[in-house]
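Undergrad: just to be clear, the model below is a prediction. Sequence and coordinates:
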Protein chains: 2
Amino acid sequence: MDRDSMAKDWDAYAATCPTRQALDRIADKWTVLILGLLVETGPMRFNQLRREIAGISQKMLSQTLKSLERDGLVTRKVFATVPVTVEYAVTPLGATLAQTLVPLRVWAETHVERMLQARAAYDAAHDEAHERADGNAPARLDAA
Amino acid sequence: MDRDSMAKDWDAYAATCPTRQALDRIADKWTVLILGLLVETGPMRFNQLRREIAGISQKMLSQTLKSLERDGLVTRKVFATVPVTVEYAVTPLGATLAQTLVPLRVWAETHVERMLQARAAYDAAHDEAHERADGNAPARLDAA
DNA sequence: GCATCAAGTTACCATCAGATACCAACCGGG
DNA sequence: CCCGGTTGGTATCTGATGGTAACTTGATGC
């Protein structure tokens, strides 16, 4: 009855909880972009994904896709066509994840300007403090 | 009207877009846990965070907090108490981010079992294919 | 004088991400 | 016939990154 129907107190704040590893996998730049694309565009081929996600390397793409497939978030379908074709698609489980990942990408696109402003202000304050503290490097100690 | 209220075509799928770096920072295990904790518990001190987030090292905590402060997502307040006390709190901007990060942690806690099942199935299929390269192998269709 | 707590920093090492090159099958052109 | 181009990867090398543990600073207490 209560074998696995109930969440058994999974806690991402516990070091050894599998949730920690899961979070590490899903809270990932490439995962956000890949799942977001697959969910919005539908099934895609390997090189199609690679072209759409500018700047991703084959290694990271294939590696991330393999992880996602292993965790049941995407499916991989091979077509024995002329040059072999491989199609990736999100699973229902992956779709539920994508629904929480897409807002993350949207947040980034929406608030990146504010972050850049904050960063510039922080750096300016730091440069100022650095310059007025001393014009030269006083802490020139030998490496112990 | 549209001085900076309008997003100027930021695109996380473009390799050089700052959104990519922003996404890399916010789509991070420790960022999810730190912001989630600060938003739910309120301002916290350094070692308090360290104790609550089991398994995080001082290095990663201070590093992540410094990034978050630089990007205007948390504030750092130093109290000149007996042993110096430092309090971290989320900014309004950080709070908006936390609202999209918390569901991510919740998703992980909710669906980790399904992921573990999928992973076990995937690994079993792989081990099977690896150990027995004969007979009634279902994944032996490609005949490579 | 020594240990202790707070909040870090630093050194060191294992792992990882990124760039590049290569592979295998197939096809079209010269 | 050989060259280059397509698909979907793997292999290699290197610089960046994450984790572990030790050291720092500064006051407090025994």
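TA: In hand now; what should we look at? Numbers count the residues shown, from 1 in each chain, chains lettered A, B, ... in the order given.

Undergrad: so what pLDDT did A:D142 get?
TA: You'll see A:D142 listed with a pLDDT of 33.

Undergrad: doesn't A:A12 fall inside a strand?
TA: No - read with DSSP: H, G, I helix; E, B strand; the rest coil, A:A12 is coil and lies in no strand.

Undergrad: which residues touch the residue nearest to it when sequence neighbours are not counted?
TA: Distances taken as CB to CB, 6 or more residues apart in numbering or on different chains place A:T19 nearest to A:A12, at 4.5 Å, with adjacent residues excluded. Bear in mind the C-beta positions are built from the backbone N, C-alpha and C, glycine included. Going by CB atoms under 8 Å, 6 or more residues apart in numbering or on different chains, A:T19 touches A:W10, A:D11, A:A12, B:R105, B:A108, B:E109, B:V112.

Undergrad: since we're on A:T100, how many residues are nearby?
TA: Counted with other CB atoms under 10 Å in any protein chain shown, the neighbours of A:T100 add up to 20.

Undergrad: find the nearest non-adjacent residue to it, please.
TA: Per CB to CB, 6+ apart, closest to A:T100 is B:P103, 4.6 Å.

Undergrad: ok, that neighbour touching A:L101?
TA: No - using CB atoms under 8 Å, B:P103 makes no contact with A:L101, being 9.6 Å away.

Undergrad: same drill for those two, tell me which one is more crowded.
TA: A side-by-side neighbour count of B:P103 and A:L101, using other CB under 10 Å, places A:L101 first with 26 against 17.

Undergrad: quick one: name the residues of chain A near DNA strand C.
TA: A:W30, A:G55, A:I56, A:S57, A:Q58, A:K59, A:M60, A:Q63, A:V82, A:P83, A:A143 (CB under 7 Å from any atom of the strand).

Undergrad: for the residues you listed, which one is nearest chain B?
TA: Using CB to the nearest CB, A:G55 is the member of the residues of chain A next to DNA strand C that lies nearest chain B, at 2.9 Å.

Undergrad: what about the residue nearest to that closest one when sequence neighbours are not counted, how many residues close to it?
TA: Leaving out its chain neighbours, the residue that sits closest to A:G55 by CB to CB, 6+ apart is B:A15, at 2.9 Å. Residues lying near B:A15 (other CB under 10 Å) number 10.

Undergrad: helix, strand or coil for B:A15?
TA: Taking three-state DSSP, the label given to B:A15 is coil.

Undergrad: so it sits against A:R51, correct?
TA: No - B:A15 is beyond contact range of A:R51, at 11.5 Å (criterion: CB under 8 Å).

Undergrad: where along chain A do the strands fall?
TA: A:44-45, A:74-79, A:85-90 (DSSP state E).

Undergrad: now these in a markdown table, with mean pLDDT and distance to chain B?
TA: As requested, the strands of chain A are exported to a markdown table (pLDDT from 0 to 100; distance: least, CB to the nearest CB, whole Å):
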| stretch | mean pLDDT | distance to chain B |
| --- | --- | --- |
| strand A:44-45 | 96 | 13 |
| strand A:74-79 | 95 | 7 |
| strand A:85-90 | 96 | 12 |
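
Undergrad: mind checking these for the one nearest to B:A121?
TA: strand A:74-79 (12.7 Å; CB to CB).

Undergrad: any idea how far that closest one is from the chain center?
TA: Its chain's C-alpha centre and that of strand A:74-79 lie 21 Å apart, by CA atoms, centre = their mean, to the nearest Å.

Undergrad: what pairs with it, parallel or antiparallel?
TA: strand A:85-90 (antiparallel) (DSSP bridges).

Undergrad: nice, that's everything, thank you.
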